[in-house]
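Student: The sequence and its predicted three-dimensional model are supplied below.
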Amino acid sequence: MTAAPVIHRDEVLSSPLEVHLLGLVDYDAAISLQERLVFEIGGRCDTQGILLLYEHPPAISVGRDGSRSHILAEPHDQNACAIDVRWTARGGGAFIHAPGQLAVSPILPLDRLGCGLMEYRHRLEEALVAACRDVKVTAKRADNAPGLWCRGGQLASFGAAVKNWTTYHGAYLNVSPDPGFLAMVESSPPGERLTSLESQLRRPVAMHKVREAVVRHVAASFGYERIHIYTDHPLLKRTTRKVCLHA
């Protein structure tokens, strides 16, 4: 990759962050949408960005640092919960996805934002730390390991991909997934217990409040003052099937 050019702050402020609240989205459909948006954002000349927020039906994705040995669920449990396994181009290991987990996928032109890869992870994780703080959970990040942690274990996983300096995939924040799903993969890095905001607070956590906090803090972290919010995306190809909510 070539060095990222510096862009002036007034140019950032002139471009909006488009936020799409997609609800429950099949894993393959979400990736297909992101790949199309990467092409769109990569072909622009301004700093406009896109933020996708959504949840997945039960699924396991395995990134560049993962292997089948990181999947702890037995095959019959995967079949009973209709859990698909997908091998992806993102960073990170094996991630479990389920309703109650918020997927945070920024589609951002890092070169035009003057943002390097490590700084991108730092900014996105700090935005999620601030969102957790808004719902009264103290979380932290670490320079040597992607993700978020709290006293009870790992709260979020980070696994991004970059194509032509445009980001996709992103982070996955456990808001209120069934704990049985979280036990189906090994944490990344290994040795941590996967937990959720709801488990830490021991009370229900409203997903819409977490989404609102994530939107606000991601926009601030990357310098966007204008936000346009939509409740779907015209390029998203939705599917219909029964979804297992509990492991």
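Tutor: Yep, that arrived. Predicted model, so just to flag it, every value in this text is computed and none were measured.
Student: Just the residues contacting the longest helix seen in the chain, thanks.
Tutor: In the chain, assigned by DSSP state H, the helix with the most residues is helix 117-134. Contacts to helix 117-134, defined as CB atoms under 8 Å, 6 or more residues apart in numbering, come from residues 104, 106, 108, 110, 115, 138-141, 143, 146-148, 150, 155-156, 158, 160, 162, 167, 170-171, 173, 197, 209-210, 213-214, 216-218, 220-222. The C-beta positions use only the backbone N, C-alpha and C, and glycine is treated the same way.
Student: got any ranges where this protein has weak pLDDT?
Tutor: By pLDDT under 70, the weakly predicted segments of the chain are 1-13.
Student: where along it do the helices fall?
Tutor: According to DSSP H, the helices that the chain contains are 9-13, 27-42, 75-80, 110-113, 117-134, 179-182, 197-201, 207-221.
Student: List the buried residues in the last one.
Tutor: Spelled out, that is helix 207-221. Within helix 207-221, the residues that count as buried by 16 or more other CB atoms under 10 Å are 207, 210-215, 217-219, 221.
Student: and the residues you listed as TSV, adding distance to E192?
Tutor: Rendered in TSV, the data for these read as follows (distance: CB to CB, whole Å):
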residue	distance to E192
M207	23
V210	21
R211	25
E212	28
A213	23
V214	22
V215	27
H217	23
V218	24
A219	29
S221	24
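Student: Nearest to L236, out of those residues: which one, please.
Tutor: Within the set of the buried residues of helix 207-221, R211 lies nearest L236; the separation is 16.9 Å, counting by CB to CB.
Student: any idea how far that closest one is from L53?
Tutor: When CB to CB, to the nearest Å is applied, the distance between R211 and L53 equals 5 Å.
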